[in-house]
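Chemist: Next input, structure requested:
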Amino acid sequence: MKNYKLLIPLISFYITILLTSNIVSTKITHFWWFTFDAGTILFPLSYIFGDILTEVYGYKETKKVIWIWFFSLFLMSVIIILVWVLPPANDWNFQQDYQNILWFTPRIIGASLVAYLIWEFCNSYILAKIKLKMKGKLLFIRTIWSTLVAEVFDTFIFVFLAFYGVFDNHILWLIIFSNYIFKIGVEILFTPFTYTLVNKFKKSEKMDFYDTKTDFNPFTLW
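Modeler: Residues are numbered from 1 along each chain as shown. The predicted model follows:
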């Protein structure tokens, strides 16, 4: 495997954003006319990193990163649960606070595991295929269209798995609508920034991968 200079830092930032967004998603916030979980504020950054991964390094490397994230998030959930079941010290009075906030996190993580796997594989597949069809031209078309399609699955699946039964249905649909519009808006707004980073990564790594012979099966890593 080639010794990439920027792949490990990129993976580190990518997974950090994804892990953090799952914790802060326990808070529902309202901004302007949007109502969404707070993780939505961070999550669009993962689109940029995901686009860079597939655009520069290809679908095969992206698959590996997706599964690294999957097991990292699963491990985080297990640790949160194990810490919750530990008996609190007699003079530690925050067990209920821990439960109210972090005990809800494993449900969010479960929703994220399902939704994100579907979203990221769908997003990477579409981006890689459009790149082949368009011979690498017009990056903005594949980044925006892959997000437009993949985000339908991600937003709907995540919100219903994470918050069904917690909020009334009209709130759920409001969160879905707000999340989708916000994420798509950020993707479009950040397109010039994505262009800049992708070009810098390609130049630094001397890499611009085309998935001409790639196995797109998400369950095969090598």
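Chemist: need the longest helix for this structure.
Modeler: Ordering each helix of the chain by length in residues (DSSP state H) puts helix 105-133 first.
Chemist: then stretch 130-145 to PDB, C-alphas only?
Modeler: What follows is stretch 130-145 as a C-alpha-only set of coordinates in PDB (Å, rounded to 0.1, in the frame of the first residue of the first chain):
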ATOM      1  CA  ILE A 130     -20.300   9.700 -11.600                       C
ATOM      2  CA  LYS A 131     -16.500  10.500 -11.600                       C
ATOM      3  CA  LEU A 132     -16.000   7.600 -14.000                       C
ATOM      4  CA  LYS A 133     -18.900   8.700 -16.200                       C
ATOM      5  CA  MET A 134     -17.800  12.300 -16.300                       C
ATOM      6  CA  LYS A 135     -14.100  11.400 -16.600                       C
ATOM      7  CA  GLY A 136     -13.200  13.400 -13.400                       C
ATOM      8  CA  LYS A 137     -14.800  16.700 -14.600                       C
ATOM      9  CA  LEU A 138     -17.200  18.900 -12.700                       C
ATOM     10  CA  LEU A 139     -16.500  17.800  -9.100                       C
ATOM     11  CA  PHE A 140     -19.500  19.800  -7.800                       C
ATOM     12  CA  ILE A 141     -22.000  17.700  -9.700                       C
ATOM     13  CA  ARG A 142     -21.000  14.500  -8.000                       C
ATOM     14  CA  THR A 143     -20.500  15.900  -4.600                       C
ATOM     15  CA  ILE A 144     -23.900  17.600  -4.600                       C
ATOM     16  CA  TRP A 145     -25.800  14.800  -6.300                       C
END
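Chemist: So which bits of it are buried?
Modeler: If you call a residue buried by 16 or more other Cβ atoms under 10 Å, then stretch 130-145 has these buried ones: 130, 131, 139, 142, 143, 144. Any C-beta I mention is one placed from the backbone N, CA and C, and that applies to glycine too.
Chemist: for the fourth one, what are its contacts?
Modeler: This points to residue 142. Contacts for residue 142 (Cβ atoms under 8 Å, 6 or more residues apart in numbering) come out as 126, 127, 130, 131, 134.
Chemist: do the second one as well
Modeler: In this structure, residue 131 makes contact with 55, 142, 210, 211, judged by Cβ under 8 Å, 6+ apart.
Chemist: ok, 10 Å please
Modeler: Residues counted as contacts of residue 131 (Cβ atoms under 10 Å, 6 or more residues apart in numbering) are 54-55, 58-59, 137-139, 141-142, 146, 208-211.
Chemist: Just name the closest of these to residue 218, please.
Modeler: Taking Cβ to Cβ as the measure, residue 218 lies nearest residue 59 of those, at 9.4 Å.
Chemist: hmm, which two among the contacts of residue 142 are most spread apart?
Modeler: Spanning the widest gap among the contacts of residue 142 are 126 and 134, at 12.0 Å by Cβ to Cβ.
Chemist: Which elements pack onto the helix or strand of the chain with the lowest mean pLDDT?
Modeler: The weakest-scoring helix or strand in the chain, judged by mean pLDDT, DSSP states H and E, is strand 34-37 (a mean of 73). Applying 3 or more Cβ pairs under 10 Å, 6 or more residues apart in numbering; DSSP states H and E, one finds that strand 34-37 contacts helix 7-24, strand 28-31, helix 139-163, helix 169-189.
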